[in-house]
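Q: below are the sequence and a predicted model; questions follow.
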Amino acid sequence: MSPKPEAGEDGAERIRKMVREYLDTMEEARDRASLARDYYDGKQWTREEIATLKQRGQPPIVFNRIKRKVDSILGVERNRRTDPKAYPRTPRDEQSADIVTQALRFVSDQTRLNNIFSGAFECGMIEGAGAAEVIMDGPEDIRVNLIPWDEFIFDPRSSRHDFSDARYLGVLKWMDADDAIALYPDKGKEIEAGITGSEKAFVADQSVDDKPSSGTWIDRKRRRVQVCQLYYKQGAEHNYAVVVGSTLVMDGPSYYRDEKGKTVCPIEAFSAYVDRENCRYGVVHDMRGPQDEINHRRSKAVHFLHSRRVMAQQGAVADVGQAKREIARPDGWVEVVDPQAVQVLDTAQETTGNLNMLQEAKAEIDLLGPNNALQGKGTEGESGRAIIAQQQAGLAELAPLYDRFNDFKLRVYRATWARIKQFWKAPKWVRITDDEQATQFIGLNQVQVDPMTGQPMVQNAVAQMDVDVILETGPDTVTLQSEEFEQLAQIMPQLAALPPPYALALIEASSLPAQRKKKMTELLSGGGEQSPEAQAMAQKQAQMQERAAMAEIATKESSAALNMAKAQNEGALAQSNIELERERMTAEQVKAQGETAIKAQELQIKQQELQFKLAELDLKRAELGLKQQELAANVEMERERSALTERMADKQSIAEDNRAKREALRSQGFEVSEGEDVSGVNMAEVMSGLSSSLAGLGDGMRALADAQSKPKRVVRDPQTGRVVGTE
């Protein structure tokens, strides 16, 4: 039942409430579906991850194995396409079953139904749900529309794969306002008023495709509206409602009915998987984890191969930034103060482990879906029986998916027949063969004159075909004529070897169409009454054929015994061949194990040689360090010797200066002892004092004589003892 309307609630708001229920409840599932489509399209890194990788200098590598695996599943569906076929439950319905088959195949060709099925199957495998609607496009033209996954809405409480328990199904999409008004001209004024008015429309889901930036049901700036077409249950019947923006365009019983005359929903859907929260998802959901591991590990491995990790003591290099840039280069040159303080770490082991885990992730995706044999890969040299067994094993894993999809196709065919029965009222011709000489047609609803009564009658009245038929799927052939030819080619050798009564019985028991059976029966019976001579001749011929048949049976029995003995011998030979093949495989396995052991030893020897080379390199590095230390010591000794030489030269210069000052002081009459330090004496002041004394020579020779006769004394600094002057 649909939600009951609340007090004061209009029809548009009731439909909105159902849509809002779906959008709010299925938000996580729609995000998951969008992510699955992104993974299929190769968008497998988030923006945050890409920004982080750019900071590291790590490439965001994508090896899209999901797309290849999903395409293989879709390819199996295309290779297993089938055509609709109706089988009667009673002999009276044979002709009606042929008409149903021919009409369904006519509509399938006109609507290109196989492409619709493939599109729905793709949505089911990727996003999790595929849907199509079987509607009328005019009085008699049947149209089957594929509903994109992001426009398909349904009851979120539905938990069945075929949506048979859904209270409502529908389509939600954006349209230009002019297109919507042209589609519903009777409500054009109300739609226009809703666009130009000030009514507040509720917010739509952000995952709905082709949405305006405002996120509402009405985009007044761009003149676009969101249109909802919804089929919902009202008791045992189905109603159809359309909401354009804020306007309820229509709300009433559904146009479409089933064979019993009840209103139905023309939308048929299926889902690949359903979790316990009723969220639909496809096969991509299970592949995302291994795909992420493949991308991350491959990106990390490439980053390891182009990067180096260095451990060094503080101050080991003069410029850390320059050292990092040089180390990253293949021809980098780094000068270090102490080579022992810098060490390049080996990442080969981490890279190898990363690549091993990468292989496991690839194998995990390869195990999902069709195996290599089903895809025609890796089966070279194997027997046909082995290939068939592997293909059957690959199909067994996909059997639930194809069963749900085949049930979806069956429901679409039945809905198509319901549309034919309901709307095909006028006379119509349907082409049933592609005969090169004469194209054959079958007439539906054809008015003819009854030869018995002379009254007009309708032949092959579709509306009155209240027959009990079972819709199944047959081989995907171009025409019914090709199917009939295959069946006739199988039974003709048997017809030629049987008497007419047995041949007629075989034709009657075959699955040929009723008209073809009638023609074959007329041909075998001679087309009318036979004369007594002809009957006697036919009886003798039948007796002779019966004797020949008995002889042939005896021959076949002896041949069968011979074939059985031959088969037993061939079985024994095959068993011996199997034993020989098993022994050969065992020997090859032992050989392979030996080769593996030899390769492992060679690898170990190479690793030891590499270790020896690394040790030799470390020894050379140590010798280079010792030489550098010796060179630094020699440089330091030379520097100290130069400094000592400079100091000795300075001392010698000071001593010479002291000697010259002492001689000058003595020449002036100062008492200076030998070796005394007179570097602090200012000779200019001494000479100035002498000049002043000489200037007073005019005072008299007596004062000069007295001055010369007085003893002179040197003045010294009381703390240091150095000469600072005279008196």
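A: Yes, it's here. Numbering: from 1, shown residues only.
Q: surely E595 is in a strand?
A: No. Assigned with DSSP: H, G, I helix; E, B strand; the rest coil, E595 falls outside any strand and is helix.
Q: for it, give me the pLDDT.
A: At E595, the pLDDT value in this model is 81.
Q: again, but for D366
A: Note on D366: pLDDT of 69.
Q: list the buried residues for whichever helix or strand I15 is part of?
A: Assigned by DSSP states H and E, I15 belongs to helix 11-25. By 16 or more other C-beta atoms under 10 Å, the buried positions in helix 11-25 come out as A12, E13, R14, I15, R16, M18, V19, E21, Y22, L23, T25. In this view, the C-beta of every residue, glycine as well, is placed from N, C-alpha and C.
Q: take the residues you listed and write them to JSON lines, including pLDDT and distance to R414.
A: Below are these laid out as JSON lines (pLDDT from 0 to 100; distance: C-beta to C-beta, whole Å):
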{"residue": "A12", "pLDDT": "82", "distance to R414": "33"}
{"residue": "E13", "pLDDT": "85", "distance to R414": "35"}
{"residue": "R14", "pLDDT": "87", "distance to R414": "30"}
{"residue": "I15", "pLDDT": "89", "distance to R414": "28"}
{"residue": "R16", "pLDDT": "86", "distance to R414": "32"}
{"residue": "M18", "pLDDT": "90", "distance to R414": "26"}
{"residue": "V19", "pLDDT": "90", "distance to R414": "28"}
{"residue": "E21", "pLDDT": "91", "distance to R414": "29"}
{"residue": "Y22", "pLDDT": "92", "distance to R414": "26"}
{"residue": "L23", "pLDDT": "90", "distance to R414": "31"}
{"residue": "T25", "pLDDT": "91", "distance to R414": "30"}
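Q: of those residues, closest to V171?
A: Of all the buried residues of helix 11-25, V19 has the smallest distance to V171: 10.6 Å, by C-beta to C-beta.
Q: which residues touch the lengthiest strand in the chain?
A: As assigned by DSSP state E, the longest strand anywhere in the chain is strand 224-234. Residues from elsewhere that reach strand 224-234 (C-beta atoms under 8 Å, 6 or more residues apart in numbering): 1-2, 15-16, 18-19, 153, 167-177, 180, 191, 194-195, 204, 208, 212, 217-219, 238-245, 254, 265-267.
Q: tell me the angle it makes with helix 11-25.
A: 90 degrees (axes from the mean of the first three to the mean of the last three C-alpha atoms, to 10 degrees).
Q: mind listing what strand 224-234 pairs with, with the direction of each?
A: strand 168-176 (antiparallel), strand 218-219 (antiparallel), strand 237-244 (antiparallel) (DSSP bridges).
Q: which positions in it come out as buried?
A: Of the residues in strand 224-234, R224, V225, Q226, V227, C228, Q229, L230, Y231, Y232, K233 count as buried by neighbour count, 16+ other C-beta under 10 Å.
Q: and stretch 158-172, by the same measure?
A: Buried residues in stretch 158-172 (16+ other C-beta under 10 Å): S158, S159, H161, F163, A166, R167, Y168, L169, G170, V171, L172.
Q: for the stretch 301-450 of the chain, give me the ranges with low pLDDT.
A: Filtered on pLDDT under 70, the stretch 301-450 of the chain yields the residue ranges 302-310, 313, 315, 318, 326-335, 337-358, 360-395, 426-450.
Q: please redo it, this time with the cut-off set to 50
A: For the stretch 301-450 of the chain, applying pLDDT under 50 flags the ranges 434-439.
Q: with the stretch 151-300 of the chain instead?
A: 200-215.
Q: now do the strands in it.
A: Applying DSSP state E, counting those that start in this stretch to the stretch 151-300 of the chain gives strands spanning 152-154, 168-176, 218-219, 224-234, 237-244, 247-253, 267-271, 273-274, 280-281.
Q: in TSV: the ones you listed, plus distance to Q422.
A: Output for those, formatted as TSV (distance: least, C-beta to C-beta, whole Å):
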stretch	distance to Q422
strand 152-154	24
strand 168-176	19
strand 218-219	36
strand 224-234	16
strand 237-244	14
strand 247-253	14
strand 267-271	16
strand 273-274	31
strand 280-281	30
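Q: nearest to H296, out of those strands?
A: Of all these, strand 280-281 sits nearest to H296, with 22.3 Å by C-beta to C-beta.
Q: same for the closest one, what does it pack against?
A: helix 27-40, strand 273-274 (3 or more C-beta pairs under 8 Å, 6 or more residues apart in numbering; DSSP states H and E).
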